[in-house]
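Chemist: Please work out how this folds:
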Amino acid sequence: MTIFYRRLPAFDYLRPRTLDDAIAAISESEPVRNQVFSGGTDLFPKLKSRAIKAPPSVIDLKGIAGLDYVAYSPTQGLRLGANAIIREVAKADCVQTGYAALAQGASLIASNQLQHRGTIVGNICNAVPSADSAPALLVHRAEVVCVGPMGERVIPVSDFFVTAGVTVLESREIVREIRIPPPMPGECSAYLKLAARGRMDIAVVGVAVSLVIEDGVIRQAAIGLGSAAPIPVRAMLAEQALLDQRISPELIARAAALARDHSNTRSSHRASASYRKEMIGVLTRRALMQLAMPSKV
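Modeler: Numbering: from 1, shown residues only. Purely as a prediction, here's the structure:
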């Protein structure tokens, strides 16, 4: 598919210094995602290709000081500010140590250039089902902190996505940060991505897994899927099949089959729905094996 890029359409460029000023500048006539940006790596290609209507103004959050943090506390967990770039998240010691699935997912988002410009908050606000950070945020039990004219609200990331391209953000509401609780004792996690050109391409499917294993028994399990439905989702039936069960190849195969069979994939120019479904099963099994039975991988 060929895309002919043209000049950017006409709009005003605003660079507010505070979140209050940014919120006040948002037009209620356009979706927030079409006017507010930090990295702009999704918004500006859409504007140039005329995939979306140009808003009256675009609002650059990069001018707001103090929103680029990647902060960790053993009691409060991880906090990612709206301007925290993907590369900093992927390379942060606290993320690699306690949130491996997120570190791996972030490291697989596009090129080095885009990782130094784009943000994790922007990656989920774009609300595409293939977002590499979304499955990891699901299994890490992340929350999204939103601010708007009515104040602040905290939304579990599992409730953040409505459908492809749409989130629960209300008119004139901005995501200020992502919060992730401290990892559970013994928690391990991983993210696997299938794409034609690796990190340089959008995920055909992506699978994140988080496990807590005690004496060979799975005590906690979370499986997050990308490109398995119109929104990133948890594979709840597969998770339930793992809980309080002793690890075995047969158990892992059964859970992977449940993740595969209960996915709601679609066909596109990248892959058929049936291929996506099969690959969800394959990647789920691989991720579970990598965490639960590394000697067998």
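
Chemist: C-alpha only now, for contacts and for neighbours.
Modeler: Noted.

Chemist: Which residue lies nearest the spatial centre of this protein?
Modeler: Centroid-nearest residue in the chain: residue 134, 2.1 Å away (criterion: CA atoms, centre = their mean).

Chemist: does it really touch residue 227, like I thought?
Modeler: No - counting by CA atoms under 8 Å, residue 134 does not reach residue 227; the two are 10.4 Å apart.

Chemist: that older thread, in a helix, the residue nearest to the centre of the chain, correct?
Modeler: Yes - with DSSP: H, G, I helix; E, B strand; the rest coil as the criterion, residue 134 is assigned to a helix.

Chemist: hey, where'd the helices end up in the stretch 51-200 of the chain?
Modeler: Shown for the stretch 51-200 of the chain, the helices assigned by DSSP state H, counting those that start in this stretch span residues 86-91, 93-98, 100-107, 112-115, 120-125, 133-139.

Chemist: List the buried residues for the first one?
Modeler: For helix 86-91, a neighbour-count test (16 or more other CA atoms under 10 Å) marks 86-90 as buried.

Chemist: how about JSON lines for those, with pLDDT and distance to residue 270 added?
Modeler: As requested, the buried residues of helix 86-91 are exported to JSON lines (pLDDT from 0 to 100; distance: CA to CA, whole Å):
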{"residue": "86", "pLDDT": "97", "distance to residue 270": "24"}
{"residue": "87", "pLDDT": "97", "distance to residue 270": "26"}
{"residue": "88", "pLDDT": "98", "distance to residue 270": "29"}
{"residue": "89", "pLDDT": "98", "distance to residue 270": "28"}
{"residue": "90", "pLDDT": "98", "distance to residue 270": "26"}
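
Chemist: between the residues you listed, which is nearest residue 78?
Modeler: Closest to residue 78 out of the buried residues of helix 86-91 is residue 89 (10.4 Å), distances taken as CA to CA.

Chemist: Would you mind listing the residues in contact with that closest one?
Modeler: With contact set as CA atoms under 8 Å, 6 or more residues apart in numbering, residue 89 has these partners: 70, 80, 95, 103, 106, 120.

Chemist: Give me the buried subset of these.
Modeler: Buried by 16+ other CA under 10 Å: 70, 80, 95, 103, 106, 120, out of the contacts of residue 89.

Chemist: one step back: could I get the buried residues of helix 86-91 as a markdown table with distance to residue 179?
Modeler: Shown next, in a markdown table, are those (distance: CA to CA, whole Å):
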| residue | distance to residue 179 |
| --- | --- |
| 86 | 15 |
| 87 | 18 |
| 88 | 16 |
| 89 | 13 |
| 90 | 16 |
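
Chemist: circling back to that earlier point, could I get the helices of the stretch 51-200 of the chain as JSON lines with distance to residue 23?
Modeler: Output for these, formatted as JSON lines (distance: least, CA to CA, whole Å):
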{"stretch": "helix 86-91", "distance to residue 23": "24"}
{"stretch": "helix 93-98", "distance to residue 23": "30"}
{"stretch": "helix 100-107", "distance to residue 23": "27"}
{"stretch": "helix 112-115", "distance to residue 23": "26"}
{"stretch": "helix 120-125", "distance to residue 23": "16"}
{"stretch": "helix 133-139", "distance to residue 23": "25"}
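
Chemist: tell me the most buried of those?
Modeler: Greatest average neighbour count among the helices of the stretch 51-200 of the chain goes to helix 133-139 (a mean of 29), per mean count of other CA atoms under 10 Å.

Chemist: so where's this structure shaky on pLDDT?
Modeler: Counting by pLDDT under 70, the chain has low-confidence residues at 1-5.

Chemist: From the centre of it, give me the residue that's furthest out.
Modeler: residue 215 (31.4 Å).

Chemist: give the contact list for residue 14.
Modeler: 57-60.

Chemist: Which of the buried residues of helix 86-91 lies at the shortest distance from residue 129?
Modeler: Taking CA to CA as the measure, residue 129 lies nearest residue 86 of these, at 17.8 Å.

Chemist: Was I right to think the closest one contacts residue 119?
Modeler: Yes - with contact defined as CA under 8 Å, residue 86 counts as touching residue 119 (4.9 Å).
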